[in-house]
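Student: Predicted model and sequence below, questions to follow.
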Amino acid sequence: QVQLVESGGGLVQAGGSLRLSCAASGRTFSRYVMGWFRQAPGKEREFVAAISWSGGRTIYADSVKGRFTISRDNAKNTVYLQMNSLKPEDTAVYYCSARASTIIATTTNYDYWGQGTQVTVSS
């Protein structure tokens, strides 16, 4: 069982930056693929980024590539999402997720989810 708690969301102007954190419980954090998803009002939840067990492999949605960076610190059981050059269309609730697999998935096929943190980007 893994519990995930996101933090770091807030209100920021377009062009600004935020760093989201996701703290995970459990001693096997390093064995989970970790992902970030987001959901805007009236839209389906969409993939943002994911990272492998070791952090050696990352993948991103085209819409955030070059602006967002996912990373993890297995010693701290924490995964991060650094978001730069934010745009109003990045406004959404951001969810952290964990997948008990070696395969990085860009679908919502993850085993555990956090409660989400709101990110609002004003124009």
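Tutor: Received the coordinates, thanks.

Student: Looking at strand pairing, list the partners for the closest residue to Gly8 other than its chain neighbours.
Tutor: Leaving aside its sequence neighbours, Gly8 sits nearest to Leu20 (Cβ to Cβ, 6 or more residues apart in numbering; 4.2 Å). For glycine as for every other residue, the C-beta is placed from the backbone atoms N, C-alpha and C. Here Leu20 sits in beta bridges with Leu81, as judged by DSSP bridges.

Student: wait, doesn't Leu20 sit right on Val5?
Tutor: No: contact criterion Cβ atoms under 8 Å: Leu20 and Val5 do not qualify, at 11.2 Å.

Student: more crowded one of these two?
Tutor: Between Leu20 and Val5, counting by other Cβ atoms under 10 Å, Leu20 is the more crowded of the two (23 against 14).

Student: Check the gap between the more buried one and Thr78 for me.
Tutor: 10 Å (Cβ to Cβ, to the nearest Å).

Student: Same check on Asn109?
Tutor: For Asn109, the distance to Thr78 (Cβ to Cβ) stands at 23 Å.

Student: So for this structure, the centremost residue is which one?
Tutor: Trp36 (2.4 Å; Cα atoms, centre = their mean).

Student: you'd agree it is up against Ala50?
Tutor: Yes: taking contacts as Cβ under 8 Å, Trp36 lies within contact range of Ala50: 7.4 Å.

Student: intersection of neighbour lists for these two?
Tutor: Common contact partners of Trp36 and Ala50 (Cβ atoms under 8 Å, 6 or more residues apart in numbering): Ile70.

Student: Show me the strands in this structure, by range?
Tutor: In chain order, the chain shows strands spanning 4-7, 10-13, 18-24, 33-39, 46-51, 58-60, 68-73, 78-83, 92-99, 112-113, 117-122, with DSSP state E as the criterion.
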